[in-house]
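# Quick one: sequence plus predicted model below, questions after.
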Amino acid sequence: MKWHSEKKIAIRNVPGFWDRVCSSRSRFLGLDYDGTLAPFHVDPMQAKPLAGVLDVLHSLVNQNATAVAIISGRPAAEVLMLLDKLPVTIVGSHGFELWRPTDNTPVVIQPSAEQKVGLEKAKEAALQKGYGEKLEYKVASLAMHTRGLPAQVASAMEEGILAAWTGISSFQTLECRRFNGGVEIRCAGRHKGDALSELLRGQPPGNFPVYVGDDETDEDAFRIIRDTGIGIKVGATSASTAARGFLEDCAAVKKFLETWVSVTSTLRD
């Protein structure tokens, strides 16, 4: 499948972006999942990639002109399932899991004993508030989802659990972070930016790294590459982000990926 130059999409605030992609000796593209490749959904397992995105991702991976990785807060197994077993490197659980196409199972960094105690306390606090059905358990975090609830209800739940979890996190080497549709308490000391940094250390000299994401949790990755590459925020232009460029929504991300395949299709490693 080919995508032609007339579909080239401009990256807001980054003139000459595609020239730099083409002129670089090697390229790395990191992609968030939710809100970037897939529109949000009340049921997380129904948050499927936008129509056509899987096709262009397959083309991108098979082209072999760019190193590609999906870097998500989701468990790696979920991302792999939602991407229909796309043979691409997947970082899951905000950097605590790494799955490569040659692996049978992901490599997992386990929380410390202290962090495990804190996550258990956070679980108990949420259950006491009656939020059990809204909880998602991950290897190094606990998330409470509020997507689909009335705005006032969601806000009250988030503020309440944030207060409870902040008190726990201050004593258990954990941290609380908001995300689009909820609140998460997770192990401190590792994040998407750390995982991205490790992946980039494996790239050849002269590599041009790009990271695309939509969420507050992606800011760690944007900060890692701001001196050597380009961070691209999906959503409204915001002065508070460490990203340099902007794409409007998931549909724009699809066009971005199509353009990437198109402009690199004649390049050689």
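Good, I have the coordinates.
# Check the separation of the first and last residues in stretch 163-178.
The straight-line separation of the ends of stretch 163-178 (Cα to Cα, to the nearest Å) is 12 Å.
# What of stretch 43-55?
23 Å.
# chain center to that stretch: distance?
14 Å (Cα atoms, centre = their mean, to the nearest Å).
# Now it: average pLDDT?
The pLDDT scores in stretch 43-55 average 93.
# and that stretch, which residues are buried?
Neighbour-count burial for stretch 43-55, counted by 16 or more other Cβ atoms under 10 Å, picks out 44, 47, 49-50, 53-54. Backbone N, C-alpha and C define where each C-beta goes, glycine included.
# Kindly report the same for stretch 74-91.
74-76, 78-80, 82-83, 86, 88-91.
# How far does it sit from its chain's centre?
Relative to its parent chain, stretch 74-91 has a centroid offset of 12 Å by Cα atoms, centre = their mean.
# quick one: contacts of it?
Residues outside stretch 74-91 that contact it (Cβ atoms under 8 Å, 6 or more residues apart in numbering): 33-34, 38, 44-45, 47-49, 54, 57-58, 61, 67-72, 92-93, 97-101, 106, 138-139, 192, 195-196, 199.
# From those, which land in strands?
67-71, 92, 97-99 (DSSP state E).
# Please produce CSV containing the residues you listed, extended by neighbour count, distance to D215 and pLDDT.
Below are the ones in strands among the contacts of stretch 74-91 laid out as CSV (neighbours: other Cβ atoms under 10 Å; distance: Cβ to Cβ, whole Å; pLDDT from 0 to 100):
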residue, neighbour count, distance to D215, pLDDT
A67, 21, 22, 96
V68, 20, 19, 97
A69, 20, 16, 98
I70, 25, 14, 98
I71, 29, 11, 98
G92, 27, 15, 96
E97, 24, 18, 96
L98, 21, 20, 97
W99, 22, 20, 96
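# Great, nothing more from me.
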